[in-house]
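> Just a sequence and a predicted model for now, questions to come.
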Amino acid sequence: MSVLVLTLIILVGSYCAGLLGSLTGLGGGVVIIPLLTIGLGVNIHYAIGASLVSVIATSSGSAAAYVREGITNMRIGMFLEIATTAGALIGAMLSLLIHAPVIAVIFGVILIFSAIMSLRKKDTTVLQTESPLAQKLKLNGTYPTPDGEVKYGVRKVGGGFFMMLFAGIISGLLGIGSGSLKVVAMDSIMRIPFKVSTTTSNFMIGVTAAASAVVYLQRGYIEPGLAMPVVIGVLLGALTGSKILVHSTSSGWLRWVFAVIVTILAVQMIYNGITGKI
Amino acid sequence: MATKATKFKDTDIQSIIGWVLRLGVLVSMAVVAIGGVIYLYRHGSEHIDYHEFKGVPEFVHTLSGIFHGIITGRGRAIIQAGIILLIATPIIRIIFSAIGFIIEKDYLYVGITLLVLLIIVIGMLSGHAG
């Protein structure tokens, strides 16, 4: 295939991946990697490198908007970034040791998990009690709502920290933001309010991805000819997605359609991994 | 100026950080797009296949190679420079977070922020060996 044709196909595909990732809240990386590897026969290492770059772009772009609104909890973000960046380094190291087909299977499993997570009902109760460690680390905060500032407490800091370490490893190994794992750590374990956890997780994804990207860059995983259409396409798709989201709350059936698409991609990744086609 | 420093709040540093992130994404994407146009103009009709992993050519791998590539107008070197700027954006954000915590005199978080920076620097150094 000629460079021009391949670039245009990747550009359009990445735009769709960015749009889908933004509407589902899964992020562009989970769609772009199956598209590149299964759809276009790109080597999974190049796909991971390009995806990682696009993750930094979308995370930084949307974090810029959220940070100004004062919903993001900078201290929770900074504290947990110790775990995610350390994990990302471990993940990038592991990718040297783990064979490509195994990475594809792990990717599929994480993808199915993310699809299930995107269908989950959100718990809206706000915790008022604070754990001693959360108090010491000044993690408890407030966030603005139409009815004024809402105070919230944080619990199980240690458990959340370890879950974040795992999220970082997966991010570094697979080249995705692993937002769904970060949300598990913050929502289910630490009981941070949904609005705060999604924006803070998004804030952390860029730094986490940058930690493994510096390793991948030096190893030659980031091929500029491939990363260029991926990063531009995903970023534009995510921008379009955020515009749509502002105007409409995504309905139940739409979420189901996305979850089914993502699950099909996941099964294909696992199948290709097991049969050694990746 | 002293009164200004004491009035410095979380929200001030947050708006600066928001601004740093936005600028970083805009500038790096512009550089990537310029490099992309040059790359497609020069190599658009060539055959390409990313099936085998072969790493990347020297002129987009080392800093001196990229620098030389930019001067000689090579598209992929310019794209790679844009990507490096993009990767640097969240790292620069951490430095601004550290400055914010120093102004607030929150030394616990200055330490936490520097630890995160240290982890990334370790990644930069260890990548060379790998």
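Alright, I've got the coordinates. Numbers count the residues shown, from 1 in each chain, chains lettered A, B, ... in the order given.
> mind listing what the residue nearest the centre of chain B touches?
Closest to where the C-alpha atoms of chain B average out (Cα atoms, centre = their mean) is residue B:88, at 1.7 Å. Contacts for residue B:88 (Cβ atoms under 8 Å, 6 or more residues apart in numbering or on different chains) come out as A:210, B:24. (C-beta placed from N, C-alpha, C; glycine too.)
> Okay, and residue A:144 sits in which element?
Using DSSP states H and E, residue A:144 sits within strand A:141-145.
> Go through the helix or strand following that strand and flag the buried ones.
Using DSSP H and E, the helix or strand that follows strand A:141-145 towards the C-terminus is strand A:148-152. Residues of strand A:148-152 classed as buried by neighbour count (16 or more other Cβ atoms under 10 Å in any protein chain shown): residue A:152.
> Give me the distance between the helix or strand immediately after strand A:148-152 in the chain and the centre of its chain.
Later in the chain than strand A:148-152, the nearest helix or strand by DSSP H and E is helix A:157-174. Mean-position distance between helix A:157-174 and its chain equals 12 Å (Cα atoms, centre = their mean, to the nearest Å).
> Helix A:157-174: which residues count as buried?
A:157, A:160-161, A:163-174.
> quick check, it touching chain B?
No. Counting by Cβ under 8 Å from any Cβ of the partner chain, chain B is not contacted by helix A:157-174; separation bottoms out at 9.2 Å.
> all helices for the chain, in order.
Since you didn't name a chain, this refers to chain A. A:3-24, A:29-34, A:40, A:44-69, A:74-97, A:100-119, A:132-136, A:157-174, A:179-183, A:194-219, A:224-247, A:252-274 (DSSP state H).
> should've been chain B
Secondary structure of chain B (DSSP H): helices located at B:2-6, B:10-43, B:63-71, B:75-103, B:107-129.
> now, of those, which is deepest in the fold?
helix B:75-103 (a mean of 22; mean count of other Cβ atoms under 10 Å in any protein chain shown).
> coming back round to it: in the strand holding residue A:144, which residues are buried?
So strand A:141-145, judged by 16+ other Cβ under 10 Å, has buried residues A:141, A:143.
> what ranges of chain B fall below the confidence cut-off?
Residue ranges of chain B with pLDDT under 70: B:1-11, B:127-130.
> swap the cut-off to 90 and go again
Along chain B, the model assigns pLDDT under 90 to residues B:1-18, B:44-65, B:71, B:73, B:100, B:104-105, B:124-130.
> hmm, back to that, just the CA trace of the strand holding residue A:144, in PDB.
Presented in PDB, the C-alpha positions along strand A:141-145 are these (Å, rounded to 0.1, in the frame of the first residue of the first chain):
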ATOM      1  CA  GLY A 141     -11.700  17.900  48.900                       C
ATOM      2  CA  THR A 142     -14.700  19.800  47.500                       C
ATOM      3  CA  TYR A 143     -16.100  20.100  44.000                       C
ATOM      4  CA  PRO A 144     -18.500  22.700  42.500                       C
ATOM      5  CA  THR A 145     -22.100  21.800  41.700                       C
END
